[in-house]
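*Asks:* mind looking at a prediction? Sequence and model below.
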Amino acid sequence: MNNKIVDEFEAVTLVGGGAVGPEDLQAALALAPVCVAADSGADVVLRAGIELTAVIGDMDSISPEAQAQIPTARFHKIPEQMSTDFDKALRNISAPVVLAVGFCGRRIDHQLGVLHTLVMRPDVACLLLGDEDVIFLCPPTIEIPMAPGTRVSLFPMGEVRGVSQGLEWPIEGLTFSPTGASGTSNRATGDLRLEVDAPFMLCILPRRFLAAVTERLAALPDHARWPARAAPHRDPQPS
């Protein structure tokens, strides 16, 4: 039984209250047409005249004007304060892939919290859209067509090992960790293939890979995805 607030067969765009560029919403919605907001992300969405499927969060920053426009059935307040609004939203979405807009830039502590959530929710395929980059948690295996010279950055959020094809500096034989090796500013020699042994490796690519990575994450079958991590801050099941 799926008790998620949002349960979709289509990709979902999740909008936060952080920095949102003029083309970010359009770029995300072209690939992920179902729109969900995390708390004050609703203000961003409503100002753009976009229909909201749901708003999820502790609702401590959404404006009264935006709240008044949202039907009660689409307004989902989760009052606990031990997790971020991004976490509250992501753990309540079931979709092939989530494109997250408005979660990069501005406050560094917020962005670090977002990256932490990607690692804590590895079962949810999620891609962050920034001004210059896209960021995602590497699945067990991913292949992405790529031109030689493309910047490929790998940053570990825990101990992880892997193998690669198509990198100027291959990752075989290395143990990555936040206190050890990282793989920022690597370069592609051609099409990229990555395999990693744990759900801890963030991959950072140029923004132009938004569509290619979205397509590949959405197409992953269940057996090729990470299982859910035993994580805190689970919501009570509806009666």
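*Replies:* Received the coordinates, thanks.
*Asks:* beta partners for Val12?
*Replies:* Listed by DSSP bridges, the beta-bridge partners for Val12 are Val34, Val98.
*Asks:* correct me if wrong: it contacts Ala100.
*Replies:* No: if you go by Cβ atoms under 8 Å, Val12 and Ala100 don't touch, sitting 9.3 Å apart. C-beta: built from backbone N, CA, C; applies to glycine.
*Asks:* looking at these two, which one has more neighbours?
*Replies:* Between Val12 and Ala100, Ala100 has the larger neighbour count (other Cβ atoms under 10 Å), namely 31 against 27.
*Asks:* from Phe200, how far out is that one?
*Replies:* Counting by Cβ to Cβ, to the nearest Å, the separation of Ala100 from Phe200 is 19 Å.
*Asks:* what's the spacing between the top strand by length along the chain and its chain's center?
*Replies:* Determined from DSSP state E, the single longest strand within the chain is strand 183-196. The offset between the C-alpha centroid of strand 183-196 and the centroid of the whole chain comes to 20 Å, using Cα atoms, centre = their mean, to the nearest Å.
*Asks:* parallel or antiparallel, list what pairs with the helix or strand that comes right after it.
*Replies:* Along the chain past strand 183-196, the next helix or strand (assigned with DSSP states H and E) turns out to be strand 201-206. When pairing is defined by DSSP bridges, strand 201-206 lines up against strand 133-137 (antiparallel), strand 151-156 (antiparallel).
*Asks:* can you show me the CA trace of the shortest one as CSV?
*Replies:* C-alpha atoms of strand 133-137 as CSV (Å, rounded to 0.1, in the frame of the first residue of the first chain):
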residue,chain,number,x,y,z
ASP,A,133,24.9,22.5,-12.5
VAL,A,134,22.7,19.5,-11.9
ILE,A,135,23.3,17.3,-8.9
PHE,A,136,22.1,13.8,-8.2
LEU,A,137,22.9,10.8,-6.1
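*Asks:* centroid-nearest residue for the protein?
*Replies:* The centre of the chain sits closest to Cys126, judged by Cα atoms, centre = their mean, with a distance of 3.0 Å.
*Asks:* list the contacts of the nearest residue to it once chain neighbours are set aside.
*Replies:* Spatial nearest neighbour of Cys126, chain neighbours left out: Val98 (4.4 Å); criterion: Cβ to Cβ, 6 or more residues apart in numbering. With contacts defined as Cβ atoms under 8 Å, 6 or more residues apart in numbering, Val98 is in contact with Ala11, Val12, Thr13, Leu14, Ala32, Leu90, Val124, Ala125, Cys126, Leu127.
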